[in-house]
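Novice: how does the following fold in three dimensions:
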Amino acid sequence: MTVRRTLPQRTRSLIGAWCFADHYGPDPVADTGGMDVAPHPHIGLQTVSWLFTGEIEHRDSLGSHAFVRPGELNLMTGGHGIAHSEVSTPRTTVLHGVQLWVALPDEHRDAPRDFQHHAPEPVGVPGAEIRVFLGSLAGSTSPVRTFTPLLGAELVLEPGAELTLAVDPAFEHGLLVDTGEVRFADCSLRPAELGHLDPGPTRLALANDSTTPARVILLGGPPFEEEIVMWWNFIGRSHEDIVRARAEWMDGLGGVRFGEVDGYGGAPLPAPELPSVPLRARRRAPR
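Specialist: Have a look, this model is predicted:
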């Protein structure tokens, strides 16, 4: 599959508590074989799955069995530990979407396993259609629970549309462009590019400079001031946190901490080898 890791990157590790963004596709499944990710672990984070096209079957060690479909949010909490698998379904011809992670604050990073599903109603505004899957925007509020204030929304802008949105000035914001060419706070962004705006503004200005509709993902939240250590599928606060989680996963590939995923029909993923030097914390970029 074609995967673009737009967050983290060398100059920016976080946008609010958003700490990871994989932007993938569009890929024809007949050519790529689709998605088949065996059971694997997570700690210290929430996963946010959002599709543009295709369908993914989700199973986890909480016992959840659900499908990720376009316009529907699947949010999984893997605080103290969870395992899950992701497989594109036979109905999928083109796979295209984003996989996002949210870092949990220290007081909640050992939260119990949880799974939430939400299909937000589209909100029409002049020149655009908005689906708010986390937080609040344009008069729409998601009921999905998070551990820090967050904003997550898909926006589809009509050709040539200009849009101004009221936002929380305590939030920093990121805009990931999927299709089209979009001006974001006077910065021109092309497909697969991610723009960032520091806290302060009460309104965001967007414009689609394309002759076709533009689709973007808007992310936001107050700056996440904690330092995190992020390696493979784990988020901790120290090198030792990661070493411990890896050892507990490899001890039977699941065990008490992570549990087992029923119904996948294959072996769990082994963890890669740790680097030979201590893992260092990711720091916030200067404003």
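Novice: so what does residue 158 have for phi and psi?
Specialist: Main-chain dihedrals, residue 158, degrees, to the nearest 10: phi -70, psi 160.
Novice: for beta bridges, what are the partners of residue 88?
Specialist: For residue 88, the beta-bridge partners are residue 56 (DSSP bridges).
Novice: what's the domain layout of the protein?
Specialist: Taking automatic domain parsing as the domain assignment, the ranges for the chain are 1-119+227-287, 121-225.
Novice: save these as a markdown table, and put in mean pLDDT and mean neighbour count too.
Specialist: Where you see a C-beta, it was placed from the backbone N, CA and C, and this is true even at glycine. Below are these laid out as a markdown table (pLDDT from 0 to 100; neighbours: other C-beta atoms under 10 Å):
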| stretch | mean pLDDT | mean neighbour count |
| --- | --- | --- |
| domain 1-119+227-287 | 95 | 18 |
| domain 121-225 | 97 | 18 |
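Novice: residue closest to the middle of this structure?
Specialist: Geometric centre of the chain, nearest residue: residue 100, 0.9 Å, by C-alpha atoms, centre = their mean.
Novice: so it sits against residue 150, correct?
Specialist: No: with contact defined as C-beta atoms under 8 Å, residue 100 does not count as touching residue 150 (10.0 Å).
Novice: okay, and the common contacts of these two?
Specialist: 18, 219 (C-beta atoms under 8 Å, 6 or more residues apart in numbering).
Novice: and residue 218, what element?
Specialist: For residue 218, the host element (DSSP states H and E) is strand 214-221.
Novice: and the following helix or strand past that strand, which strands flank it?
Specialist: Once the chain leaves strand 214-221, the next helix or strand it forms, by DSSP H and E, is strand 229-231. Note on strand 229-231: by DSSP bridges, its sheet partners are strand 234-236 (antiparallel).
Novice: quick one, what contacts residue 154?
Specialist: 50, 71, 130-131, 133, 215-218.
Novice: run me through the strand neighbours of whichever strand or helix holds it, direction for each.
Specialist: Here residue 154 sits within strand 151-157, counting by DSSP H and E. Strand pairing for strand 151-157, determined by DSSP bridges: strand 128-134 (antiparallel), strand 214-221 (antiparallel).
Novice: run through who's touching the last one.
Specialist: It refers to strand 214-221. Here strand 214-221 makes contact (C-beta under 8 Å, 6+ apart) with 15-18, 21, 50, 52, 98, 100, 135, 137, 148-157, 159, 167-168, 171-182, 204, 206, 208.
Novice: and for the first one?
Specialist: Counting by C-beta under 8 Å, 6+ apart, strand 128-134 makes contact with 48, 50, 71, 73, 75, 118, 120-124, 137-138, 140-142, 144, 146, 150-158, 161, 163, 206, all of which sit outside it.
Novice: roughly how far does residue 29 sit from residue 59?
Specialist: 19 Å (C-beta to C-beta, to the nearest Å).
Novice: what do you get for residue 139?
Specialist: Residue 139 is 35 Å from residue 59, by C-beta to C-beta.
Novice: likewise for residue 234?
Specialist: Distance of residue 234 to residue 59, given as C-beta to C-beta: 20 Å.
Novice: next one: residue 222
Specialist: For residue 222, the distance to residue 59 equals 33 Å [C-beta to C-beta].
Novice: does residue 147 sit in a helix, a strand or a coil?
Specialist: Assigned by DSSP: H, G, I helix; E, B strand; the rest coil, the conformation of residue 147 is coil.
Novice: just read off the phi/psi values of it.
Specialist: When read as degrees, to the nearest 10, the backbone of residue 147 gives phi -100, psi -10.
Novice: which residues sit in contact with it?
Specialist: The contact partners of residue 147, taken as C-beta under 8 Å, 6+ apart, are 17, 46, 102, 104-105, 108, 111.
Novice: I'd like the strands paired with strand 151-157 as a markdown table, with distance to residue 248 appended.
Specialist: A markdown table is the format used below for these (distance: least, C-beta to C-beta, whole Å):
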| stretch | distance to residue 248 |
| --- | --- |
| strand 128-134 | 29 |
| strand 214-221 | 29 |
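Novice: nothing else from me, thank you.
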